[in-house]
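S.K.: need coordinates for the following:
(chains A, B, C and D)
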2 protein chains.
Amino acid sequence: MSADVAARRGIPDASVARLPGYLQALTNLAERGISSVSSEELAAAAGVSSAKLRKDLSHLGSYGVRGVGYEVDRLAYEISTALGLTQDWPVAIVGMGNLGRALAAYSGFTTRGFNVIALLDRDEAIVGAPVGDRTVRPMGDLDALVRDDRLAIGVIATPADSAQDVADRLVEAGVRSILNFAPCVLDVPDDVMVRKVDMSTELQILAFHEQRRTGELDLGRTADVGEVAL
Amino acid sequence: MSADVAARRGIPDASVARLPGYLQALTNLAERGISSVSSEELAAAAGVSSAKLRKDLSHLGSYGVRGVGYEVDRLAYEISTALGLTQDWPVAIVGMGNLGRALAAYSGFTTRGFNVIALLDRDEAIVGAPVGDRTVRPMGDLDALVRDDRLAIGVIATPADSAQDVADRLVEAGVRSILNFAPCVLDVPDDVMVRKVDMSTELQILAFHEQRRTGELDLGRTADVGEVAL
DNA sequence: TAGATTGTTAATCGATTAACAATC
DNA sequence: TAGATTGTTAATCGATTAACAATC
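M.R.: Purely as a prediction, here's the structure:
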C-alpha cells in the first residue's frame, strides 16, 4: 500500500494526537529561521523518539529527503493539511464563568486554524453582557450559528451539572465535535466526537506518581511482610 | 502474584489515567444515594467497557463481591488511596494571566486532594497584587514553599516563551511534579514528571476528524482513481 | 440452590522500538 | 563516491477484549 493510500485511510489515533506537537515544534524552528531539520532534531524538539516521529510522518506521505532531512516549511504545511488547518474552523464557547472567559481571551484559540465566532451562556442574566469585544449570546442562537456560520466545534466550559444539557443542545443544533472542560462524561451519539480536558484528572495522575515516589522508601521494609488478609 | 503485590508494583499507566474517572463516577453515585454498583453500571457511568473497568480495578486489589458488585464508598476510598488523595497535596500556580487567574478561581482544584497554597508570577509589577483572596508572590518564594510548606506540584500557566524558565526554577526548588498549560515541551530531569494540558492540541485533533468527516463524501470518487505519483 | 457478577485468563489488537535497506 | 538520514520492516511490548471459572 502506498503512503498516499495510507494517508487517505486511517492514520493511527496515537499518531494523530502527536501531529500538533510536531507542527508546534516546526513553527518554532521556522520562527528561529531554521529551514531544514532531521528527524532526530525534530523529535528532540517535540519530545519523542526519532523512530516514532518517522513512523508517524510515514502515515502522511514521504516528505523527507534521505541523507538530508525535512524542509521545515514543507513539512509544516503537510501536517497542517493533514490536520485540516488550512481552513478556519468556527468555534463557539459555551459557559461564561471564570474558565469560559479565560478561554475566550486565550490567544491560542484564535491563532492557527480556529475562529471563535460566538460566546454563549444558558443564564439569561449573563446574555447580552460584553466579554472582551464580544457579547454573550443565548443558547437559542445555536441553530443559526450552525446554519449560517458553519459552526463546527463546541467548547463546553460550564459546571459539570449543566454540561450534558449543553452537549444535548449542541448535538441537536448539528455540532459534531465537542471539547469538554467540564469534569464529567458526556453521552452523545456515535457520530459525535468528544475530547475532554480535565485538570483535576491530570493533577490526580501527578499525585499518584508523587505518592509512589515518597512511598518508595518504605517498600524495602513492607515488601516481604507477606500478603495482608482481606 | 497476589493482587496486593500487583498494587504495590506498577499499575499500568493506562489504568492509572482512568482511575480519576472512576472516582468521579463513584462520587456522583454516592451523592445520588446509591451505595452499591456493578462493573457494568459503573463502566457505563465512566464511559468505558466493563471488562476494562474490572481489569483496571484488579490492579488495585479485590474489592468487589461476586454476584453482587462493588460498595460505592469502599471502592471510592480504595481508589482515593491508590491515587494518593487521602492527603492534601500543596500546589502552586505560576503565571497570573487570564488562564492562571481562572485556574486560581477554579473550585475543582481546591476540592479533593489538592490545596493551592500559592500564586506566583515572574513579573514584579504583578507581585503583591490580590487575586481572589490571595496575594501574588515572587518566584523567589519557591524555595521556602518547598521547604516549609512541602510544595509538591507546580502548575505552569505562563506563555510558552517563559514556561521553560519557570520549569527550571520549579525543579531547582525541588518540585518534581509539573502540570504544564503552556503550549511547549519542557526539558526536565528524568525524575521530574510533567503532564501537559493543551487546548489547541485537542482542538486540532477535533479538526482532523471533522475534516475527515466532510472529506468522506469524496472518498468514493477518489478511492479508485489509483495512486498519485509523487 | 440458582442467578448474578467478579477476577482472571488467553487471544487479539495496536503501538513502540530497533535495525537497516534504500537512496539522497 | 562516501556519509548521512529517511522510510519501512519485523520484533517487541503493552493494552484491550471476550469469555468463563470462581464464588458470592
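S.K.: closest residue of chain A to DNA strand C?
M.R.: Nearest to DNA strand C, among the residues of chain A, is A:G67, at 2.4 Å (Cβ to the nearest atom of the strand). The way it works is simple: take the backbone N, C-alpha and C, and place the C-beta from them, glycine included.
S.K.: and chain A, which residues reach DNA strand C?
M.R.: Within chain A, the positions lying close to DNA strand C (Cβ under 7 Å from any atom of the strand) are A:12-15, A:48-49, A:51-52, A:54-55, A:65-68.
S.K.: ok, so of those, who is nearest A:D123?
M.R.: If you rank the residues of chain A next to DNA strand C by distance to A:D123 using Cβ to Cβ, A:D13 comes first, at 36.2 Å.
S.K.: which residues touch that closest one?
M.R.: By Cβ atoms under 8 Å, 6 or more residues apart in numbering or on different chains, the contact set of A:D13 is empty.
S.K.: what's around A:R32, how many residues?
M.R.: Applying the criterion other Cβ atoms under 10 Å in any protein chain shown, we find 8 residues in the vicinity of A:R32.
S.K.: and it, how far from B:V188?
M.R.: Going from A:R32 to B:V188 by Cβ to Cβ, to the nearest Å gives 21 Å.
S.K.: farthest-apart pair in the residues of chain A next to DNA strand C, please.
M.R.: Most distant of these, by Cβ to Cβ, are A:D13 and A:G67, 31.5 Å apart.
S.K.: show me the contact partners of stretch A:49-56.
M.R.: The set of residues external to stretch A:49-56 that reach it, using Cβ under 8 Å, 6+ apart, is A:S15, A:R18, A:L19, A:Y22, A:S38, A:S39, A:E40, A:L42, A:A43, A:A44, A:A46, A:G64.
S.K.: in chain A, what residue spans correspond to helices?
M.R.: Counting by DSSP state H, residue ranges of the helices within chain A are A:3-8, A:13-31, A:39-46, A:50-58, A:72-83, A:98-105, A:107-110, A:142-149, A:160-173, A:199-222.
S.K.: wondering if the third one reaches chain B at all.
M.R.: Yes. Residues of helix A:39-46 are located near chain B by Cβ under 8 Å from any Cβ of the partner chain, namely A:A45, A:A46.
S.K.: give me the domain ranges for chain A.
M.R.: What the record gives for chain A is the domain set A:3-82, A:89-200, from automatic domain parsing.
S.K.: could you look over these and pick the most buried one?
M.R.: The highest mean neighbour count among the domains of chain A, using mean count of other Cβ atoms under 10 Å in any protein chain shown, belongs to domain A:89-200: a mean of 19.
S.K.: check the offset of that one from the chain's centre.
M.R.: Domain A:89-200 has its C-alpha centroid displaced from the chain centroid by 14 Å (Cα atoms, centre = their mean, to the nearest Å).
S.K.: could you do stretch A:34-44 as well?
M.R.: Remark: stretch A:34-44 is offset 23 Å from the chain centroid, using Cα atoms, centre = their mean.
S.K.: biggest separation within the contacts of stretch A:49-56, which pair?
M.R.: Taking Cβ to Cβ as the measure, the contacts of stretch A:49-56 reach their widest spread between A:S15 and A:S38, a distance of 19.2 Å.
S.K.: any chance of the domains of chain A in JSON lines, plus mean pLDDT?
M.R.: JSON lines is the format used below for the domains of chain A (pLDDT from 0 to 100):
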{"stretch": "domain A:3-82", "mean pLDDT": "92"}
{"stretch": "domain A:89-200", "mean pLDDT": "95"}
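S.K.: mind putting those in JSON lines, distance to B:D168 included?
M.R.: Converted to JSON lines, the domains of chain A look like this (distance: least, Cβ to Cβ, whole Å):
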{"stretch": "domain A:3-82", "distance to B:D168": "16"}
{"stretch": "domain A:89-200", "distance to B:D168": "22"}
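S.K.: so which of the ones you listed is nearest B:A167?
M.R.: Distances from B:A167 to each of the domains of chain A were compared using Cβ to Cβ; the minimum, 12.7 Å, belongs to domain A:3-82.
S.K.: what about the closest one, near DNA strand D?
M.R.: Yes. Using Cβ under 7 Å from any atom of the strand, we find that domain A:3-82 touches DNA strand D at A:3, A:38-40, A:50-51, A:54-55, A:57-58, A:62-70.
S.K.: now stretch A:193-203
M.R.: No. Among the residues of stretch A:193-203, none lie within reach of DNA strand D under Cβ under 7 Å from any atom of the strand; the closest is 14.7 Å away.
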